[in-house]
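**Student:** structure, please.
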Amino acid sequence: MNFTEINLSQLLDSHILPWSINILIALLIFVVGRLLIGWAHRLLGAVLARFNVEAILTEFIQQVVRVLLYVLLAIAILSQLGFDTTSLVAMLAAGSLAVGLALKDSLQNFAAGVLLIVLKPFKVGDFVEVAGVTGFVEKVMLFSTLLRTTDNREITIPNGPIYNATLTNYSARDTRRVDLLFGISYDSDLRKAKQILQDLITADERILAEPESLVAVSDLADSSVNFTVRFWVATDNYWPVRFDFIEKVKLAFDENGVEIPYPQMALHIQQPAEKA
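**Tutor:** Numbers count the residues shown, from 1 in each chain. All right, here's what the predicted structure looks like:
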């Protein structure tokens, strides 16, 4: 055996054969890892669906876990090929910290979005008032929420302010109470006015019998006797019934001679006394 054959044999034993074995093992790790990641992806989706997690949150969690598993798979393959992955892990950790600090506000909106999706203080279609905006919820996303106002404008609000602000959900309950105030003049017939209001409530089928309605004199104001009128309706009927009832009260008062007074001010002028 000559010198060249010895060198080739040593090179084969010390480098080529171990590298070939490492590459084959790395390929095997890659194939098995991809299969396991796909299986974990499907299993996670099934588990989240079983707990009725929202589809948008389920998809996001699946994608995050998928990326993390592929990162771990890449580190395992590089380690098998003989690369020092300690520095790589340190770089990934430092990069994650830097990205987290740079995207602090976005991460806050994301965390708030997750809580909004999980806790469900409102759902798509609800009429809400939040962060100074009133409108119908069009879409709840991970970083923001889309509202449609009553005049058909679209307003996108970051989820952070929504979660930290006071939220009023007008659609959360099946019924709502309508509160109205009507004033009549002191010269008008109080009993007649009260009976008119009660009859209008009874005549409207959209007004619920329970809870019981209320018609009561609530204030003797400067220029009017004020009635407080309260009744309950289905939430979807709140605004139509409110508008109709105010119009019917005005027409009924006019037909029955019940006066709705204007604000009045009495001005007394004192004449100077005549000199003797």
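**Student:** by residue count, tell me the biggest helix in the chain.
**Tutor:** Identified as the longest helix of the chain according to DSSP state H is helix 17-50.
**Student:** return the set of buried residues in it.
**Tutor:** Buried positions in helix 17-50, judged by neighbour count with 16 or more other C-beta atoms under 10 Å: 26, 29, 33, 37, 45, 48. Every residue, glycine included, has its C-beta placed from N, CA and C.
**Student:** let me have the residues you listed in TSV, adding distance to L200 and pLDDT as columns.
**Tutor:** Shown next, in TSV, are those (distance: C-beta to C-beta, whole Å; pLDDT from 0 to 100):
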residue	distance to L200	pLDDT
A26	82	79
I29	79	81
G33	73	83
I37	67	83
G45	55	79
L48	52	73
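**Student:** farthest-separated two in these?
**Tutor:** A26 and L48 (31.9 Å; C-beta to C-beta).
**Student:** tell me which residues touch V225, please.
**Tutor:** Contacts for V225 (C-beta atoms under 8 Å, 6 or more residues apart in numbering) come out as 183-186, 188, 190, 217, 219.
**Student:** where do the strands sit along the protein?
**Tutor:** Assigned by DSSP state E, the strands in the chain fall at 127-130, 133-140, 144-148, 154-158, 168-169, 175-184, 214-220, 225-234.
**Student:** hmm, back to that, which elements pack onto the longest helix of the chain?
**Tutor:** If you count contacts as 3 or more C-beta pairs under 8 Å, 6 or more residues apart in numbering; DSSP states H and E, helix 17-50 packs onto helix 55-80.
**Student:** what packs against the helix it packs on?
**Tutor:** Using 3+ C-beta pairs under 8 Å, 6+ apart, helix 55-80 sits against helix 17-50, helix 86-102, helix 104-119.
**Student:** weakest of these by average pLDDT?
**Tutor:** Lowest mean pLDDT within those: helix 86-102, a mean of 60.
**Student:** low-confidence stretches in the stretch 51-200 of the chain?
**Tutor:** Counting by pLDDT under 70, the stretch 51-200 of the chain contains low-confidence residues at 51, 53-57, 60, 83-85, 87-105.
**Student:** make it 50
**Tutor:** Within the stretch 51-200 of the chain, the ranges that satisfy pLDDT under 50 run 103.
**Student:** residues near A111, how many?
**Tutor:** Look at A111: counted by other C-beta atoms under 10 Å, it has 14 neighbours.
**Student:** same thing with the one 3 residues further on?
**Tutor:** Counted with other C-beta under 10 Å, the burial measure for V114 works out to 18 neighbours.
**Student:** quick one: it and L142 touch, right?
**Tutor:** Yes. Between V114 and L142 there is a contact under C-beta atoms under 8 Å: 7.0 Å.
**Student:** how many neighbours does L69 have?
**Tutor:** With other C-beta under 10 Å as criterion, L69 counts 17.
**Student:** begin at 29 from here
**Tutor:** Okay, residue one is now 29; in that scheme the one you just asked about reads as L97.
**Student:** what's the nearest residue to it if we skip its chain neighbours?
**Tutor:** I65 (4.7 Å; C-beta to C-beta, 6 or more residues apart in numbering).
**Student:** residues in contact with that neighbour?
**Tutor:** Contacts of I65 (C-beta under 8 Å, 6+ apart): 94, 97-98, 101.
**Student:** and the protein, what are its domains?
**Tutor:** According to automatic domain parsing, the chain comprises the domains 35-130, 150-197, 203-283.
**Student:** distance to Y290 for those - can I get that in a markdown table?
**Tutor:** As requested, the domains of the chain are exported to a markdown table (distance: least, C-beta to C-beta, whole Å):
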| stretch | distance to Y290 |
| --- | --- |
| domain 35-130 | 54 |
| domain 150-197 | 30 |
| domain 203-283 | 8 |
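**Student:** go through these and name the closest to Q136.
**Tutor:** Checking the domains of the chain against Q136 by C-beta to C-beta gives domain 150-197 as the closest, at 4.6 Å.
**Student:** much appreciated, bye for now.
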